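Asker: Using only what follows, build the 3D model:
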Amino acid sequence: MTVETRKETLGFQTEVKQLLHLMIHSLYSNKEIFLRELISNASDAEDKLRFAALKDDSLYENDPELRIRLDYDTEAGTVSITDNGIGMSRDDVIENLGTIAKSGTAEFLKQLSGDEKKDSKLIGQFGVGFYSAFIVADRVEVFTRRAGAPREEGVHWESAADGEFTIENLPLEERGTRIVLHLKKEEQEFADGWRLRSLVKKYSDHISFPVEMKAEGEKEGEKGDYETVNDATALWTLPRAEIKDEEYKEFYKHIAHDFEDPLTWSHNKVEGKLDYTSLLYIPKRAPFDLYNREAPRGLKLYVQRVFIMDDAEQFLPLYLRFAKGVIDSNDLSLNVSREILQNDSTVESIRTAMTKRVLDMLSKLSKKQPEDYQGFWNEFGTVLKEGPAEDFSNREKIAGLLRFASTHTGESAQNVSLDDYISRMKDGQNKIYYITADSFTAAKSSPHLEVFRKKGIEVLILSDRIDEWMMGYLSEYDGKKFQDVARGDLDLGEVETEEDKKHQEEAAKEHKDLIERIQKALDDRVQEVRVTNRLTDSPACLVTGQFDMGAQMKKIMEAAGQKVPDSKPIFEVNVDHPLVQRLGSEQSEDRFKELSAVLLDQATLASGEQLRDPGAYVSRLNRLLLELAN
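Answerer: Below is the predicted model of the structure:
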């Protein structure tokens with residue numbers, strides 16, 4: 001078989017061009033991280049070869065000692081990173097080095113603001129890996145051959161980050177990949193043995209494969225022995241007492257391809273019925289594709305210290321997809337697959353334990369470092385809100401981690417826990433009250449809150465799109481039931497005095513005819529008209545039936561193209577309000593019907609819903625204004 005050897009010049013994918021432009025213009029304030037990224041990629045290549053060789057050990061090509069080598073040439077101004085891992089074919093090179101094969105790339109690029117500090121954090125979340133080479137190099141060469149492929153199928157890739165790259169086949173004796181960085185003039189400091197060694201110790205000491213360099217004074221190309229310059233021990237296998245915080249942080253950056261320290265971590269070894277080690281991290285910042293539920297997620301899975309797969313999603317539920325880390329099991333088979341993981345009882349047991357551990361990490365953070373937890377909530381809170389629906393057994397624990405805006409704080413920040421709320425409950429109050437709306441402002445000005453202000457009762461304000469759906473799966477917390485203040489009958493418990501109850505009963509009897517008259521006038525638009533115990537200042541409000549779908553859920557379903565079930569609201573009127581009293585004195589039935597419709601339309605707008613017939617409302621209002629003018 002003849003190997004295609006032609007030299008091609010190809011263009012980078014548009015997204016790559018944009019990223020390269022940002023990096024070349026010093027997007028990163030810390031340039032030295034390029035070495036960590038390239039060594040991390042080399043480590044992944046070694047892991048992948050070791051896994052592939054479980055089924056076919058001929059891939060080792062009589063060279064089973066996996067290693068990463070780091071060379072430099074001060075005179076030539078080059079730095080080389082070489083691994084004898086899985087390597088790449090010509091097609092692999094075009095795919096991996098010419099494009100960014102990640103979902104949501106366009107969305108990520110939309111978030112770039114042009115502010116270098118902000119954008120560097122975003123790029124850190126994106127994990128650009130190989131492209132970080134262009135931070136310090138004005139030209140990069142890659143020499144690679146896939147393990148098991150003939151020597152003639154070696155590939156040479158080269159680019160000066162000018163929007164194009166060249167690729168050609170080149171015979172290569174050794175499998176794996178060698179990346180040669182031709183350093184920019186102002187970055188020659190990196191072609192230095194001491195500098196490179198210190199960077200390996202700083203960023204890559206935890207890599208489980210040896211990172212080797214020649215002894216000081218020996219140049220690239222000269223014969224000489226290589227020596228290991230990192231610890232080359234899988235960090236998670238070491239006792240916790242032997243690991244420094246900085247080592248934990250650098251290991252996180254290696255596995256997560258993040259540029260910031262993690263918020264917290266948990267390292268545990270379990271022995272007994274199950275035998276596994278876990279090292280879990282909570283990031284500080286949300287990745288750009290956090291809300292894409294189909295994006296790759298999960299932990300790095302090792303079996304008996306042999307890498308098996310990235311993004312093993314079976315060990316954590318979807319609502320904890322922000323957690324990063326490693327799990328190393330002695331109970332699973334080395335030939336385990338994603339399909340086997342889905343139906344394995346051992347995996348299910350580990351998943352239960354991992355879920356509890358992440359929730360415990362968050363609970364501990366919320367109690368001991370509330371400011372850090374608030375930062376976590378601001379980044380990941382909306383995802384955690386998926387938990388009550390997805391994880392029935394941990395609903396109480398998840399609920400304790402939720403944070404809300406509230407009438408008590410008067411600000412839109414979600415910083416009130418359910419425990420905070422319960423600690424401030426009024427004497428005789430036995431429910432946790434909340435209101436949902438499209439925005440904090442709309443909820444805060446809702447007429448449904450009037451009686452709560454009068455009584456001094458705190459109400460949680462829920463304005464995220466997911467909130468109404470979430471509350472459908474939360475019925476109580478700490479023995480206290482939740483109540484939507486805009487749904488069903490309002491029960492204020494013992495906070496409502498006997499005088500309040502008596503007043504409402506008497507008002508209902510006294511105005512029975514008025515209520516029936518309004519019901520008749522609006523019969524086609526409401527399911528019921530009744531005297532309210534919710535309002536003190538407004539003339540009327542809409543109430544959702546106890547088992548009817550709320551406004552937020554209707555909008556979500558409509559946006560998803562799903563049919564929304566028909567339902568009419570309950571119309572509550574404040575018989576003490578002058579407008580309602582004026583309505584009661586109206587003799588003309590046509591005019592009574594018109595005024596009733598105006599009140600209903602106003603209540604609809606106040607609830608944040610859209611009018612079915614805005615034109616009719618405007619016409620009615622104009623007629624009333626003309627009458628006043630005359």
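Asker: Low-confidence stretches in the protein?
Answerer: Applying pLDDT under 70 to the chain flags the ranges 1-5, 13-30, 98-128, 216-224, 552, 630.
Asker: any residues touching stretch 197-208, and which ones?
Answerer: Under the contact criterion CB atoms under 8 Å, 6 or more residues apart in numbering, stretch 197-208 has outside partners 32-33, 35-36, 39-40, 43, 68, 70, 211, 213, 229-235, 247, 250-251, 253-254, 305. (Glycine included, C-beta is placed from N, CA and C.)
Asker: Same question for stretch 537-550.
Answerer: Contact partners of stretch 537-550, identified using CB under 8 Å, 6+ apart, comprise 436, 447-448, 450, 468, 484, 486-489, 527, 532, 534-535, 551, 557, 564-565, 567, 569-574, 577, 579-580, 599-600, 602-604, 606-607, 609.
Asker: all helices for the stretch 501-630 of the chain, in order.
Answerer: If DSSP state H, counting those that start in this stretch is used as the criterion, the helices of the stretch 501-630 of the chain fall at 512-521, 551-559, 578-584, 589-606, 614-629.
Asker: Now name the helix or strand holding the residue nearest the centre of the chain.
Answerer: Nearest to the mean C-alpha position of the chain, counting by CA atoms, centre = their mean, stands Leu290 at 3.3 Å. Element membership for Leu290, per DSSP states H and E: none, as it lies in no helix or strand.
Asker: From Leu318, how far out is it?
Answerer: Spatial separation of Leu290 from Leu318 under the definition CB to CB, to the nearest Å is 11 Å.
Asker: got it, and Ser412?
Answerer: With distances taken as CB to CB, Ser412 is found 27 Å from Leu318.
Asker: Equivalent analysis for Arg403, please.
Answerer: Distance, Arg403 to Leu318, by CB to CB: 20 Å.
Asker: neighbour-wise, which of the two wins?
Answerer: More neighbours sit around Arg403 than around the other of Arg403 and Leu318, counting by other CB atoms under 10 Å; the figures are 22 against 14.
Asker: Now do the same contact list for the more buried one.
Answerer: Under the criterion of CB under 8 Å, 6+ apart, the contact partners of Arg403 comprise 374, 377, 381, 414-417.
Asker: Give me the subset of the residues you listed that lies in helices.
Answerer: 374, 377, 381 (DSSP state H).
Asker: can you list these in TSV and add neighbour count and distance to Asp331?
Answerer: As requested, those are arranged in TSV below (neighbours: other CB atoms under 10 Å; distance: CB to CB, whole Å):
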residue	neighbour count	distance to Asp331
Gln374	17	38
Trp377	20	35
Gly381	18	34
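Asker: For those, give me TSV that also has distance to Asp500.
Answerer: Compiled in TSV, the ones in helices among the contacts of Arg403 are given as follows (distance: CB to CB, whole Å):
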residue	distance to Asp500
Gln374	37
Trp377	37
Gly381	36
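Asker: Pick the one among those residues closest to Leu170.
Answerer: Using CB to CB, Gly381 is the member of the ones in helices among the contacts of Arg403 that sits closest to Leu170, with 51.5 Å.
Asker: I'd assumed Gln414 was in contact with that closest one.
Answerer: Yes - the pair Gly381 and Gln414 qualifies as a contact (CB atoms under 8 Å) at a distance of 6.3 Å.
Asker: Which residue ranges make up each domain of the chain?
Answerer: As given by automatic domain parsing, the domain ranges for the chain are 8-231, 237-370, 403-491, 498-629.
Asker: so can I have CSV of those showing distance to Asp391?
Answerer: Below are these laid out as CSV (distance: least, CB to CB, whole Å):
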stretch, distance to Asp391
domain 8-231, 25
domain 237-370, 6
domain 403-491, 10
domain 498-629, 21
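Asker: Relative to Asn394, which of those domains is closest?
Answerer: It is, among the domains of the chain and with distance given as CB to CB, domain 237-370, at 6.1 Å.
Asker: Work out the gap between the closest one and the centre of the chain.
Answerer: Relative to its parent chain, domain 237-370 has a centroid offset of 15 Å by CA atoms, centre = their mean, to the nearest Å.
Asker: likewise stretch 180-189?
Answerer: The gap between where stretch 180-189 is centred and where its chain is centred comes out at 37 Å by CA atoms, centre = their mean.
Asker: Can you mark which positions in it are buried?
Answerer: Buried residues in stretch 180-189, defined by neighbour count with 16 or more other CB atoms under 10 Å: 180-184, 187.
Asker: Need the distance between the two termini of it.
Answerer: 16 Å (CA to CA, to the nearest Å).
Asker: just stretch 295-306 next, same as before
Answerer: 25 Å.
Asker: Buried residues, that stretch. List them.
Answerer: Within stretch 295-306, the residues that count as buried by 16+ other CB under 10 Å are 297-303.
Asker: Contacts made by it with the rest, please.
Answerer: The contact list for stretch 295-306, computed with CB under 8 Å, 6+ apart, reads 50-51, 54, 103-104, 208, 234, 237, 255, 278, 280, 289, 307-316, 318, 321, 323-330, 332-334, 336, 354.
Asker: So which of those residues belong to strands?
Answerer: For these, membership in strands holds for 278, 280, 307-312, 324-329, with DSSP state E as the criterion.
Asker: now, which of these sits nearest Glu164?
Answerer: Comparing the ones in strands among the contacts of stretch 295-306 against Glu164 with CB to CB places Asp310 closest, at 30.2 Å.
Asker: contacting residues for that closest one?
Answerer: Shown in contact with Asp310 (CB under 8 Å, 6+ apart): 44, 296, 298, 300.
Asker: Dihedrals phi and psi, the second one?
Answerer: It refers to Pro296. As for Pro296, its main-chain torsions (degrees, to the nearest 10) stand at phi -60, psi 140.
Asker: Quick check: it vs Tyr319, distance?
Answerer: Pro296 sits at a distance of 16 Å from Tyr319 (criterion: CB to CB).
Asker: what's the angle between the longest helix along the chain and strand 306-312?
Answerer: Selection of the longest helix in the chain by residue count, based on DSSP H, yields helix 345-368. Angle of helix 345-368 versus strand 306-312, following axes from the mean of the first three to the mean of the last three CA atoms, to 10 degrees, is 60 degrees.
Asker: now for helix 345-368, which elements pack on it?
Answerer: The criterion is 3 or more CB pairs under 8 Å, 6 or more residues apart in numbering; DSSP states H and E, and the helices and strands that helix 345-368 contacts are strand 264-270, strand 276-282, strand 324-329, helix 370-384, helix 395-401.
Asker: Sweet, I'm off.
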